[in-house]
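In: what's the 3D shape of this:
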Amino acid sequence: MAASTLVPLQEYLETSYRPDRDWIDGEVKERNMGEGQHAVLQKFFTLLFGTREQQWSVRVLPEQRVQTSTEHYRIPDICVTRRSAPFEAIVHTAPLLCIEILSREDRMSEMQERVEDYLGMGVEIVWLVDPRRRKAFVNDALGLREAVEELTVPGTAIRVAVTEVFAELDELEGKAGV
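Out: Residues are numbered from 1 along each chain as shown. Model prediction:
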């Protein structure tokens, strides 16, 4: 289970955590991560968006600090901003998309708090990806729903087949073609 510690905002902003941590209402909160499945999917999304930054007019920022409100700083697994958005050391301008990859100890109720922070700051859509169950979900103004065939960002050319998201993981775990 992720732990938390009370820390003043300025100290949080001046400290390098490894891995980086969220800052919520004065508490520095560890994030669940570090598993192979998580790493494989994080690499997939980083490469996918990285190779299409020009085509999709986006910028991909893995594990980027995002200030979602005056009292909340989150670190999404993948943050995707519009290419036209200002480059910021800490993202204050609402990203186009935030992607969260569930780790073994993550719970959907905890993820929902993260999603609400992102949507509350103006993020258009959040993707939640569960590597163990091989499921992907989208959350936006319409609520949470499973993406059965494709993950998309409305109003953009961004489209990713759910099977493509899990293809490398299936191969590594001997589940290809299952």
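
In: so what's residue 48 up against?
Out: Counting by Cβ atoms under 8 Å, 6 or more residues apart in numbering, residue 48 makes contact with residue 160. Where you see a C-beta, it was placed from the backbone N, CA and C, and this is true even at glycine.

In: can you pull the pLDDT of it?
Out: Note on residue 48: pLDDT of 98.

In: Using the three-state scheme, assign it.
Out: Assigned by DSSP: H, G, I helix; E, B strand; the rest coil, the conformation of residue 48 is helix.

In: how close does it get to residue 99?
Out: 10 Å (Cβ to Cβ, to the nearest Å).

In: And residue 85, by the same measure?
Out: Taking Cβ to Cβ, one finds residue 85 at 17 Å from residue 99.

In: Pick out whichever of the two has more residues nearby.
Out: residue 99 (24 against 15; other Cβ atoms under 10 Å).

In: What's opposite the most centrally placed residue in the chain in the beta bridge?
Out: Note on the chain: the residue nearest the mean C-alpha position is residue 99, at 2.6 Å, using Cα atoms, centre = their mean. On the basis of DSSP bridges, residue 99 is bridged to residue 78, residue 127.

In: ok, it touching residue 129?
Out: Yes. Between residue 99 and residue 129 there is a contact under Cβ atoms under 8 Å: 6.7 Å.

In: Which parts of this structure are strands?
Out: Assigned by DSSP state E, the strands in the chain fall at 4-6, 22-24, 27-29, 58-62, 66-69, 72-74, 78-82, 97-101, 125-130, 135-140, 143-146, 150-152, 159-161.

In: which other residues reach the last one?
Out: Strand 159-161 has contacts (Cβ under 8 Å, 6+ apart) with 48, 149-152.

In: Then stretch 130-150?
Out: Contacts for stretch 130-150 (Cβ under 8 Å, 6+ apart): 37-38, 40-41, 101-102, 104, 112, 115, 119, 124-129, 151-152, 154, 159-162, 165-166, 169-170.
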